[in-house]
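Asks: starting from these lines, generate the structure:
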Amino acid sequence: MNLTVDNITFGYDSSRNVLEHLSFVYESPEVLCILGSNGMGKSTLLQCIIGAFQTSAGSITVDGKAVGEYKAREFAQKIAYIPQSHTPSFAYKVIDIVTMGRTSRIGYLANPSDDDVAFAHEQLAYLGVDHLSEKPYTDISGGERQLVMIASALTQEPELMILDEPTAHLDFGNAYRFVELVEKLRDRNMGVLMTTHFPDHALMLGSKTAVLSGGRIIAEGPASDVITDESMRELYGIEVHVERFGGRLICIPGPLQ
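Replies: Model prediction:
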């Protein structure tokens, strides 16, 4: 799948553009990490990609077709989007939440078949959380909800999963496990586009990385090329050293002792 963001501009009002002349090209099933500090427009960019926000200039296409020209079901078979957090309104069972992801495949008014429910269980098991299937979605933790939402997205069978700062509400251990999960998704031939505050995640994945600053993509390429002392210092406004430790690159903030 090809996602092309071509010279887009977007602002919430006429006084300031959040994104301006922003362009990049993504090819599934690679992993693309978009780095940026707070307020740089990472979430806004994702909302533009999924068609929730209308850009004032430029174009966004998926496989050569403008995002706005897709019907909802058709687009859901291409791209699944998971926001930073999700606050449940109703105490649906986890298995019901995950099975809802099949809507794009079976239709809005159709009832899921036994095969659809079994497929939903398979996605929960793949993520190691099938034991939650009968629990109310309102009763599980934030980290568990994140995995349930990913399971629901997997039932869509999309070509690309878009994740908005997926580790923002996870503890250290679960953040590390999430990076391992992205590797599993990549091995499954699933495309992943994710925003993150943490350059170490991109370095761990060895993924393609883009740096968003000033409303534009200012650097793009392999993580080891893009994430440097200079680029991270400029992006985050602190002293940063990218060092090799234990066979991999890591970011060390502050002066070296």
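Asks: sketch out the low-pLDDT regions of the protein for me.
Replies: Scanning the chain for pLDDT under 70 picks out 108, 257.
Asks: all strands for it, in order.
Replies: 2-10, 19-27, 31-35, 57-62, 65-66, 79-82, 160-164, 191-196, 208-213, 216-222, 240-245, 248-253 (DSSP state E).
Asks: among these, which is the most enclosed?
Replies: Counting by mean count of other Cβ atoms under 10 Å, strand 31-35 has the highest mean neighbour count of the strands of the chain, with a mean of 25. C-betas here are computed from N, CA, C, even on glycine.
Asks: select the longest helix from the chain.
Replies: Secondary structure assigned by DSSP state H gives helix 172-187 as the longest helix of the chain.
Asks: buried residues in that helix, which are they?
Replies: Under the neighbour-count criterion of 16 or more other Cβ atoms under 10 Å, helix 172-187 has Asn174, Ala175, Arg177, Phe178, Val179, Leu181, Val182, Glu183, Leu185, Arg186 buried.
Asks: now distance to Ala125 too, for the strands of the chain, in a markdown table please.
Replies: As requested, the strands of the chain are exported to a markdown table (distance: least, Cβ to Cβ, whole Å):
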| stretch | distance to Ala125 |
| --- | --- |
| strand 2-10 | 30 |
| strand 19-27 | 29 |
| strand 31-35 | 23 |
| strand 57-62 | 30 |
| strand 65-66 | 34 |
| strand 79-82 | 19 |
| strand 160-164 | 18 |
| strand 191-196 | 20 |
| strand 208-213 | 30 |
| strand 216-222 | 33 |
| strand 240-245 | 35 |
| strand 248-253 | 30 |
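Asks: of the ones you listed, give the one that comes closest to Glu134.
Replies: strand 79-82 (22.5 Å; Cβ to Cβ).
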